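*Asks:* Give me a model of this one.
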Amino acid sequence: MELTEASQIEDSQISALVDFLMSRADAIGVLLARRYREEIVEYRSLPEGFIEQDVAPTARHNLETMLLGLGDNFTVTNEHLDTFRESAVRRFRQGVPIQALLHAYRLWGHTVWDQVQMAPQVAEYPQGALRIAGKIMQHVDYVSAAVTEAYLDEASGMIHDREKGRRDFLEALIAGNQPGRIATHAKHFNLKVDSSYFVVLVRRRPGRQNASISMRLCLETVQKSISGTQAKVGLVGTRDEEVVVIVESIKGTPLGAREQLDLLASLLPEFSVTVGRLRKGLQTVAQGYVDAQNATSFAVLNKIPRAYLFSDTLLDQIARTSPFRHDLAGDTTDLIAAYDAKRGSDLLATIRAYIDCGFKLVQTAEILKVQPNTVKYRLNRIGQITGHDPFQVQGMTLFTLALRIPPDLDSA
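*Replies:* Residues are numbered from 1 along each chain as shown. Down below sits the predicted model:
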């Protein structure tokens, strides 16, 4: 009998406490809004009046739902949690991080508990506060789990949609034949259709598929490395074993970003880094991609980790694609190679070293470990054999181009 009477007293006190808190629901909602603004930086950045019009009503509804849950015939269901899930989605879209959102719900629990302790019913019957305290903690955990799930689901969906849009945009740019799609995507990614762009292509070197640097790490390195006063990353994405970067030129040409690009190449030794020409307008990105792609074969052959601009490989492009390459080789390097084979000389190595050294006799001699006069004698001999003087601009141009023709080009 005494237990029944005590239980009735407790239920009566709890009911009175619930009524007291319900009567103060609006005031508690306003108090919560103020505390959110004071203690959570991200909430202070929300638009003027937004906390009072959105955050405070949600906090008040949360209090009312928790108080209803104190009744014996009431259970908080998924339907009751929908309001909080919807608010979590709004917070994500407003740019509020998940940490700030969960901070708000913890602050909600502390504030409601402070209000419980101030209630006159607690002074008369302190035991009733313990039941409320347990319910507050349980409710905070329950709601926090629901809003976290909703927040992350929305984030995952948005990220997926944005990533899909990024891939579509990248493919449209590389294809270069979809002006409508390019213009539509450009607005979404804040890119100007008529700005100047160049393409950076970071491609895994052949035979390095099982290397230590993953494509994800490669992508992160690229994103951190290409930016500054000369250029900024407009769009970046992966395609199989390559990362494609569309870079907007702020001023100058890709040459202005060479230092950053060389550093990127040194950070990714398992990848080649090539750069297309600066071109006007997003419609020309496809040509910039081809530029960078054409430079890749030359970057792959070179073991020094540095960036290769299309301009670096322009002579190679001319030598590889010229319809006169067979005539050029026949009049120069083929004659020198035949002479070396017959006489056991090193004329071809000499002319190659001379070009690599910037046409300097002393440096060439040091590399070949001979006297400068020996280098001069060999160059004169080359002129006699081919009829093209390596000390004259025309002759040196021919030799420079001929040496850039891959010997197995036509068999490849």
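
*Asks:* Centroid-nearest residue for the chain?
*Replies:* residue 223 (4.5 Å; Cα atoms, centre = their mean).

*Asks:* Return the distance of that one relative to residue 200.
*Replies:* 11 Å (Cβ to Cβ, to the nearest Å). Every C-beta, even on glycine, is put in place using the N, C-alpha and C of the backbone.

*Asks:* Ok, residue 154 next?
*Replies:* Distance, residue 154 to residue 200, by Cβ to Cβ: 33 Å.

*Asks:* Helix or strand: which one has the residue nearest to the centre of the chain?
*Replies:* Element membership of residue 223, judged by DSSP states H and E, is helix 215-225.

*Asks:* List the buried residues of that helix.
*Replies:* Buried positions in helix 215-225, judged by neighbour count with 16 or more other Cβ atoms under 10 Å: 215, 218-219, 221-222, 225.

*Asks:* for the helix or strand just after that helix, packing partners?
*Replies:* Scanning forward in sequence from helix 215-225 by DSSP H and E, the next helix or strand is strand 231-239. Strand 231-239 is packed against helix 127-175, helix 215-225, strand 242-249, with contacts defined by 3 or more Cβ pairs under 8 Å, 6 or more residues apart in numbering; DSSP states H and E.

*Asks:* So what touches strand 231-239?
*Replies:* With Cβ atoms under 8 Å, 6 or more residues apart in numbering as the test, strand 231-239 has contacts from 166-167, 169-170, 173-174, 189, 191, 197-198, 215, 219, 222-223, 226-227, 243-250, 254, 256-257.

*Asks:* where in the protein is pLDDT low?
*Replies:* 1-11, 48, 70-80, 128, 157-162, 207-211, 227-231, 250-253, 300-303, 407-412 (pLDDT under 70).

*Asks:* That one: strands as residue ranges?
*Replies:* Taking DSSP state E as the test, the strands found in the chain are 196-204, 231-239, 242-249, 271-275, 279-280, 307-309.

*Asks:* so where do the helices sit in the stretch 1-150 of the chain?
*Replies:* 2-23, 25-39, 41-44, 50, 56-68, 78-93, 98-118, 120-124, 127-175 (DSSP state H, counting those that start in this stretch).

*Asks:* Same question for the stretch 251-400 of the chain.
*Replies:* Under the criterion DSSP H, counting those that start in this stretch, the stretch 251-400 of the chain contains helices at 258-267, 285-301, 314-321, 325-331, 333-343, 347-356, 361-368, 372-386, 393-402.

*Asks:* Dump those helices into CSV; add mean neighbour count and distance to residue 136 as well.
*Replies:* Below are the helices of the stretch 251-400 of the chain laid out as CSV (neighbours: other Cβ atoms under 10 Å; distance: least, Cβ to Cβ, whole Å):
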stretch, mean neighbour count, distance to residue 136
helix 258-267, 18, 51
helix 285-301, 20, 57
helix 314-321, 15, 72
helix 325-331, 15, 82
helix 333-343, 15, 86
helix 347-356, 20, 77
helix 361-368, 17, 80
helix 372-386, 17, 89
helix 393-402, 17, 81
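
*Asks:* Identify the residues contacting the closest residue to residue 155 other than its chain neighbours.
*Replies:* Take residue 155 and drop its neighbours on the chain: the residue closest to it by Cβ to Cβ, 6 or more residues apart in numbering is residue 92, 5.7 Å away. Contact partners of residue 92, counting by Cβ under 8 Å, 6+ apart, are 98, 151, 154-155, 158.
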